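> sequence first, predicted model second:
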Number of protein chains: 2
Amino acid sequence: MLVSVVNDYPLVVAGVQHLLQPFGERVALTAGPRQRPDVVLYDTFGRAQGPTMRVGELLTRTRSRHLAVYSWNLSEPLVRASFEAGASGYLFKGLPAEQLVEALERVSAGTQVSPQPSSRTKAPSGADWPGRAQGLSVREAEIVALITRGLTNEEIAEQTFLSINSVKTYIRTAYRKMGVTRRPQAVLWGVQHHMTASLGGDEPES
Amino acid sequence: MLVSVVNDYPLVVAGVQHLLQPFGERVALTAGPRQRPDVVLYDTFGRAQGPTMRVGELLTRTRSRHLAVYSWNLSEPLVRASFEAGASGYLFKGLPAEQLVEALERVSAGTQVSPQPSSRTKAPSGADWPGRAQGLSVREAEIVALITRGLTNEEIAEQTFLSINSVKTYIRTAYRKMGVTRRPQAVLWGVQHHMTASLGGDEPES
DNA sequence: AGTCTGCTCACCCCTGGGGGTGGCGTACTC
DNA sequence: GAGTACGCCACCCCCAGGGGTGAGCAGACT
């Protein structure tokens, strides 16, 4: 089974690939987008989710037939919207690696894979994201990444399917860890700490 | 006469040097900070002015004996504060190049050179600054440069000796030319358009 | 003369943002 | 069990920022 991990942040992609590494007999990883992977594993960190995902374009670009969403957010409307947008699977980012591989194999075989409810918030060992080295939680980091793109709190709330209040909370806790107090400082911090997406991103900006 | 042009923005330095180029028989330019220039020409674009300039440190670092401030701002309190801070000359940025050279020669000879009142706002031909290619006036560009450093409007007003209202006005007009509407966007614009100072800057940030 | 550009400033009003407080649930560690 | 961290959310209050309006001055150009 050939898998392509898709996300704008090289650290995130590397972290997921690191997760799958021990399962080399069952999963081959491709970095190139043109090698016809069996499954595209679409990590939602800092990216469009649900109805605004461009599943068709991603599949065309990668010449793959299945796309599995890989996300922390298990809210029912978002999961449903992802399937309606064309995803073949919706995988929880808290899954242990072996279960992740099994789910990918089911997606690759043509089965629609839905997530089980879970409240786990701890990332699997080896996962990575920009800002982690500076003490940001995965959620804080994602918010900061979107701040670094110039989005407003409202826009961030919409993209992450969170309440504006949750966004503000993450900003508050993240700013304390970053040692900043205002948005421009946060943007600069993000630029300096590689929270900007790679230039290959084709994300539509609001 | 050996002159060292000092500013954080290479474009600004290059623009001033370009101005002085035709006077090669009277002015030699040094890029290196350790060649004992006769005069340091301190361009204030995006830098501390007046009482917060560190004239002594600049002179020590460059091993020069005279520092001439080069600024658009001719307000009397700022000029006085500059001399009190240790400057030997205060030169208006609207001066034609020949008069600039003459003024530098007087400074080099040990004369304290004060500016004549002037209302001119047009930069001498050949001057340059970051953002000029994108249509920003020199004043607008300076404000954007300070925004890109993460300063608040109040801090910018203090550093530029302008009213908060003037700062807001420049922000308004600059944002229209830049095609942005919010500060984070402006910071990103500044980063992308080289409005960040070079890393050698020893500017104290508030 | 008129017009345009740039610089400077004032004032009004509203929005985006950020500080605080409080609360809930879960996983994990000791 | 208690404590901590993380995720999620509400509400209060205030500030930083940005949109608008208006005004004045001067230089440069036609």
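Now that the structure is in, tell me what you want to look at.

> surely residue A:64 meets residue A:5?
No. Applying CB atoms under 8 Å as the test, residue A:64 and residue A:5 come out as separate, 11.8 Å apart. The way it works is simple: take the backbone N, C-alpha and C, and place the C-beta from them, glycine included.

> can you pull the contacts of residue A:93?
By CB atoms under 8 Å, 6 or more residues apart in numbering or on different chains, the residues touching residue A:93 are A:43, A:70-72, A:123-124, A:127, A:138.

> so which of the residues you listed also contact DNA strand D?
Counting by CB under 7 Å from any atom of the strand, A:72, A:138 from these sit close to DNA strand D.

> return the subset of the contacts of residue A:93 lying in strands.
Among the contacts of residue A:93, DSSP state E puts A:43, A:70-71 in strands.

> in stretch A:86-104, what counts as buried?
By neighbour count on 16 or more other CB atoms under 10 Å in any protein chain shown, the buried set for stretch A:86-104 is A:87-95, A:97, A:100-101, A:103-104.

> list just the nearest of the ones in strands among the contacts of residue A:93 to DNA strand C.
Distance to DNA strand C, by CB to the nearest atom of the strand, is smallest for residue A:71 among those, at 17.0 Å.

> so the closest one bridges to which residues?
residue A:92 (DSSP bridges).

> what is the neighbour count of it?
For residue A:71, the neighbour count with other CB atoms under 10 Å in any protein chain shown is 23.

> in chain A, where's the longest helix?
In chain A, assigned by DSSP state H, the helix with the most residues is helix A:164-178.

> what's that one packed up against?
When contacts are defined as 3 or more CB pairs under 8 Å, 6 or more residues apart in numbering or on different chains; DSSP states H and E, helix A:164-178 sits against helix A:138-148, helix A:153-160, helix A:183-192.

> could you rerun that using 6 Å?
helix A:138-148, helix A:153-160 (3 or more CB pairs under 6 Å, 6 or more residues apart in numbering or on different chains; DSSP states H and E).

> neighbouring contacts of that helix?
A:135-136, A:139-140, A:143-144, A:153, A:156-157, A:189 (CB atoms under 6 Å, 6 or more residues apart in numbering or on different chains).

> anything in it near DNA strand C?
Yes. Using CB under 7 Å from any atom of the strand, helix A:164-178 reaches DNA strand C at A:168-169, A:171-172, A:175.

> what parts of chain A come near chain B?
For chain A, the residues found near chain B under the criterion CB under 6 Å from any CB of the partner chain are A:150, A:183-185, A:187-188, A:191.

> which of these has the most neighbours?
The most crowded member of the residues of chain A next to chain B, judged by other CB under 10 Å, is residue A:187 (28 neighbours).

> could you check how far that residue is from residue A:171?
Going from residue A:187 to residue A:171 by CB to CB, to the nearest Å gives 12 Å.

> try residue A:2
Counting by CB to CB, the gap from residue A:2 to residue A:171 is 39 Å.

> higher neighbour count, the two?
When residue A:2 and residue A:171 are compared for neighbours, residue A:171 comes out ahead with 19 against 14, by other CB under 10 Å.

> any idea which residue of chain A is furthest from its center?
residue A:181 (26.6 Å; CA atoms, centre = their mean).

> who touches the residue nearest in space to the middle of chain A in this structure?
Nearest residue to the geometric centre of chain A (CA atoms, centre = their mean): residue A:44, 2.4 Å. Applying CB under 6 Å, 6+ apart, we find residue A:44 in contact with residue A:71.

> wait, which of the helices and strands packed on helix A:164-178 is closest to residue B:16?
helix A:138-148 (33.9 Å; CB to CB).

> is stretch A:155-162 in proximity to DNA strand D?
Yes. Contact of stretch A:155-162 with DNA strand D (CB under 7 Å from any atom of the strand) involves residue A:162.

> that stretch near DNA strand C anywhere?
No. Judged by CB under 7 Å from any atom of the strand, stretch A:155-162 stays clear of DNA strand C, getting no closer than 7.5 Å.

> and the contacts of that stretch?
Outside stretch A:155-162, the residues that reach it (CB under 6 Å, 6+ apart) are A:73, A:75, A:78, A:146, A:164, A:167, A:206.

> convert it to CSV, retaining C-alpha atoms only.
Output in CSV follows, covering the C-alpha atoms of stretch A:155-162 (Å, rounded to 0.1, in the frame of the first residue of the first chain):
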residue,chain,number,x,y,z
GLU,A,155,-12.0,33.3,10.2
ILE,A,156,-9.9,30.9,12.4
ALA,A,157,-13.0,29.9,14.3
GLU,A,158,-14.8,29.0,11.0
GLN,A,159,-11.9,27.1,9.6
THR,A,160,-11.3,25.1,12.8
PHE,A,161,-14.9,24.5,13.6
LEU,A,162,-14.4,26.0,17.0
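
> for chain A, which spans come out with low pLDDT?
The model of chain A has pLDDT under 70 over residues A:32-34, A:197-206.

> switch to 50 and redo it
The model of chain A has pLDDT under 50 over residues A:199-206.

> in PyMOL, select just the buried ones from the contacts of helix A:164-178.
A single PyMOL command selects the buried members of the contacts of helix A:164-178 (16+ other CB under 10 Å):
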select buried, chain A and resi 136+139+140+143+144+153+156+157+189
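
> from residue A:31, how far out is the nearest residue to residue A:45 once chain neighbours are set aside?
Leaving aside its chain neighbours, residue A:45 sits nearest to residue A:12 (4.9 Å; criterion: CB to CB, 6 or more residues apart in numbering or on different chains). Using CB to CB, residue A:12 is found at 13 Å from residue A:31.

> any chance of the helices and strands packed on helix A:164-178 in TSV, with distance to residue A:25 too?
As requested, those are exported to TSV (distance: least, CB to CB, whole Å):
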stretch	distance to residue A:25
helix A:138-148	29
helix A:153-160	36
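
> quick one, which of those helices is nearest to residue B:54?
Closest approach to residue B:54 among those is made by helix A:138-148 (32.3 Å; CB to CB).
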